[in-house]
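Chemist: dropping a prediction and its sequence here:
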Amino acid sequence: MILNNKNIENLYEMIPKQIVVKEDLSFSPINVVGCDVSYKEKAKVSCVVFNIIENKVIEEVTFEKKIPWDYIPGKFALRELPLIEKALLRISKVFDCIIVDGHGIAHPKKAGLACFVGVLFDLPTIGCAKSLLVGDYVQVDRKRGKWASIFYNGEKVGEAICTKDGTKPIFFSPGHKIGFESGRKLILNLTRNSKYPEPLRIADRNTRKY
């Protein structure tokens, strides 16, 4: 599809209507894939599949690609979705859940990158970001497991979660087919060697060294 201002706005009106944010406390994924993209002259994208039971990476896909779209504030998904889609389609393992470096419903139009990826692949998808995009939250104690709700326009859209003692929180918001409690538990379960979920940490490392 050739993107223009009209159909871009249509996309950002359509995606929120398809998002499902629901709590399923029986949600217990085995293979979780983390996706990250970095930019220089080209885009570098990496998707890392992490098996929770085996506690190890079971597949990685990393490559360079021409940057598909100029950066537009608030429309980050336009730039990264085509890259992440190509990477995820190259994965041979079955995965149950996706974590992207970005936001879900904690977005001015409730349509962050995690929403686009979740709707496209019809899988539970989480946005996990280093900085806050919209909303407010009370200060979080810098102790692992502490968290606070993020509210935007009177609605809860995410959580600030301390995943490692002595560090600032990371910012989580549901993208699709997942709720706040199950998403928070998954993030805390996946933070091993840093403050970031392990598959996302490794994907970030891959894009930087690649």
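Modeler: That came through fine.

Chemist: please, which helix or strand holds residue 82?
Modeler: helix 77-89 (DSSP states H and E).

Chemist: nope, residue 185 is what I meant
Modeler: helix 180-190.

Chemist: which residues are in contact with that helix?
Modeler: Outside of helix 180-190, the residues within contact range by CB atoms under 8 Å, 6 or more residues apart in numbering are 23-25, 27, 29, 32, 50, 52, 97, 99, 126, 128, 144-145, 147, 149, 156, 158-159, 161, 163, 170, 172, 174, 178, 197-200. Yep, even glycine has a C-beta here, placed from its N, CA and C like the rest.

Chemist: tell me where the model's unsure across this protein.
Modeler: 1-9, 210 (pLDDT under 70).

Chemist: all strands of it, in order?
Modeler: 31-39, 43-51, 56-65, 97-101, 125-129, 147-152, 155-161, 170-176 (DSSP state E).

Chemist: figure out which of those strands is closest to residue 19.
Modeler: strand 170-176 (5.4 Å; CB to CB).

Chemist: now do that closest one: which elements does it pack against?
Modeler: Judged by 3 or more CB pairs under 8 Å, 6 or more residues apart in numbering; DSSP states H and E, the packing partners of strand 170-176 are helix 113-121, strand 125-129, strand 155-161, helix 180-190.

Chemist: rewinding a little: centre of the chain to the helix holding residue 82, how far?
Modeler: 12 Å (CA atoms, centre = their mean, to the nearest Å).

Chemist: try stretch 30-39
Modeler: 8 Å.

Chemist: okay if I get the strands of the chain as a markdown table plus mean neighbour count?
Modeler: Compiled in a markdown table, the strands of the chain are given as follows (neighbours: other CB atoms under 10 Å):
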| stretch | mean neighbour count |
| --- | --- |
| strand 31-39 | 24 |
| strand 43-51 | 24 |
| strand 56-65 | 16 |
| strand 97-101 | 28 |
| strand 125-129 | 27 |
| strand 147-152 | 19 |
| strand 155-161 | 21 |
| strand 170-176 | 28 |
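
Chemist: which among those strands is found nearest to residue 18?
Modeler: strand 170-176 (8.0 Å).

Chemist: show me what the closest one pairs with in its sheet, parallel or antiparallel.
Modeler: With DSSP bridges as the test, strand 170-176 is paired with strand 125-129 (antiparallel), strand 155-161 (antiparallel).

Chemist: the shortest one to strand 31-39, inter-axis angle?
Modeler: Between the axis of strand 125-129 and that of strand 31-39 there is an angle of 40 degrees, by axes from the mean of the first three to the mean of the last three CA atoms, to 10 degrees.

Chemist: C-alpha coordinates for strand 125-129, PDB please?
Modeler: C-alpha atoms of strand 125-129 as PDB (Å, rounded to 0.1, in the frame of the first residue of the first chain):
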ATOM      1  CA  THR A 125       1.900  -8.500  22.300                       C
ATOM      2  CA  ILE A 126       3.600  -6.200  24.800                       C
ATOM      3  CA  GLY A 127       5.200  -2.700  24.400                       C
ATOM      4  CA  CYS A 128       8.200  -2.200  26.600                       C
ATOM      5  CA  ALA A 129       9.900   1.200  26.500                       C
END
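
Chemist: can you list the strands paired with strand 170-176 in a markdown table and add distance to residue 46?
Modeler: Below are the strands paired with strand 170-176 laid out as a markdown table (distance: least, CB to CB, whole Å):
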| stretch | distance to residue 46 |
| --- | --- |
| strand 125-129 | 15 |
| strand 155-161 | 23 |
